[in-house]
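Q: below is the sequence, then the predicted model.
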Amino acid sequence: MILAERARQARSAWERAVGLLGADHAGGGLFIEPCSSIHTCFMRFAIDVLFLDDTDTVLAIYPRLPPWRFTRWVRGARRVLELDAGNAGPTAVGDRLECLPCAS
């Protein structure tokens, strides 16, 4: 199952701080790296949040996280994949995602 056709990456401090703020949807998704907790303050929509370790194994899932919420710090998390609510589908803790770079 494909969770995101094309996910943007947020690696700089500024990109991580801004994240999806001001957007109306997650689009193809957003990887935030490094990251072990998030908030949805000032967001306009709910998102599915997957916390991944350094092998892209799912450590925690926050489905349909609404605006103005905070996640716990997730031990071992190296990055987060934020998706539009419902797009995480049947993904479960322990699943390993395959993340491929996009072709130019």
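A: Done, it's in.

Q: how long is stretch 49-67 end to end?
A: This stretch, stretch 49-67, spans 12 Å end to end (C-alpha to C-alpha, to the nearest Å).

Q: now the strands for this structure?
A: 8-10, 30-32, 47-52, 58-65, 79-84 (DSSP state E).

Q: got any ranges where this protein has weak pLDDT?
A: Applying pLDDT under 70 to the chain flags the ranges 102-104.

Q: would you mark the buried spots in stretch 68-88?
A: 71, 74, 77-85, 87-88 (16 or more other C-beta atoms under 10 Å). (C-beta placed from N, C-alpha, C; glycine too.)

Q: using CSV, lay out these together with distance to Pro63.
A: Listed next are the buried residues of stretch 68-88 as CSV, based on distance: C-beta to C-beta, whole Å:
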residue, distance to Pro63
Thr71, 12
Val74, 15
Ala77, 16
Arg78, 20
Arg79, 18
Val80, 14
Leu81, 13
Glu82, 12
Leu83, 10
Asp84, 11
Ala85, 7
Asn87, 10
Ala88, 6
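
Q: list just the nearest of those residues to Val18.
A: Among those, Glu82 lies closest to Val18 (C-beta to C-beta), at 12.2 Å.

Q: how about the buried residues of stretch 68-88, which pair is most distant?
A: Pairwise distances across the buried residues of stretch 68-88 (C-beta to C-beta) peak at 23.2 Å, for the pair Arg78 and Ala85.

Q: tell me which residues are up against stretch 88-102.
A: The contact list for stretch 88-102 (C-beta atoms under 8 Å, 6 or more residues apart in numbering) reads 1, 3, 6, 31, 48, 50, 52, 55-61, 63, 81.
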